[in-house]
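Trainee: here are the coordinates; sequence isn't available:
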């Protein structure tokens, strides 16, 4: 069983930056891919970014490419999402997750989920 706890959300203005962190419990964290998803009010949860278990590969949804950076620290069993040049449309609850395999980019590819952290970007 893996438990995930997110932190770092908040209220910022457009153009600002935020860094989300996710601390995991469990001895096999580095064996599995990690990811960030988000869910805006009235919308379905969507993929944001994913990183392979060893941190060598990262993937992003088109809308955040060049602005967001996913990273992980397997020694500290943590996952991070650096969000720069934030836009109003980035407003959502952000969830970190641990994949069932080395890397996944879809909801069904993830087994463990955090409770979510709110990110609100004002204009």
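Mentor: Received it, and whenever you're ready, just let me know what you need. Values in this document were obtained by computation on a predicted structure and should not be read as measured data. Residues are numbered from 1 along each chain as shown.
Trainee: spatially central residue in this protein, please.
Mentor: With distances taken as Cα atoms, centre = their mean, residue 36 lies nearest the centre of the chain, 2.3 Å away.
Trainee: for that one, what are its contacts?
Mentor: Residue 36 sits next to 20, 22, 48-50, 70, 79, 81, 94-97 when contact means Cβ atoms under 8 Å, 6 or more residues apart in numbering. Placement of C-beta: from N, CA and C, glycine included.
Trainee: what residues are up against the nearest residue to residue 17 once chain neighbours are set aside?
Mentor: Closest residue in space to residue 17, ignoring its immediate chain neighbours: residue 84 at 4.7 Å, by Cβ to Cβ, 6 or more residues apart in numbering. Neighbour list for residue 84: 17, 67-69 [criterion: Cβ under 8 Å, 6+ apart].
Trainee: for residue 84, give its distance to residue 14.
Mentor: Residue 84 is 12 Å from residue 14, where distance means Cβ to Cβ, to the nearest Å.
Trainee: same deal with residue 38?
Mentor: 16 Å.
Trainee: of these two, who's got more company?
Mentor: residue 38 (22 against 14; other Cβ atoms under 10 Å).
Trainee: could you check how far that one is from residue 1?
Mentor: 24 Å.
Trainee: and what of residue 77?
Mentor: 14 Å.
Trainee: higher neighbour count, those two?
Mentor: Higher neighbour count among residue 77 and residue 1: residue 77, with 17 against 6, using other Cβ under 10 Å.
Trainee: off-centre distance for the helix or strand containing residue 20?
Mentor: If you go by DSSP states H and E, residue 20 is part of strand 18-24. The chain centroid and the centroid of strand 18-24 are separated by 8 Å, computed with Cα atoms, centre = their mean, to the nearest Å.
Trainee: so what does that strand touch, helix or strand wise?
Mentor: When contacts are defined as 3 or more Cβ pairs under 8 Å, 6 or more residues apart in numbering; DSSP states H and E, strand 18-24 packs onto strand 4-7, strand 34-39, strand 78-83, strand 92-99, strand 117-122.
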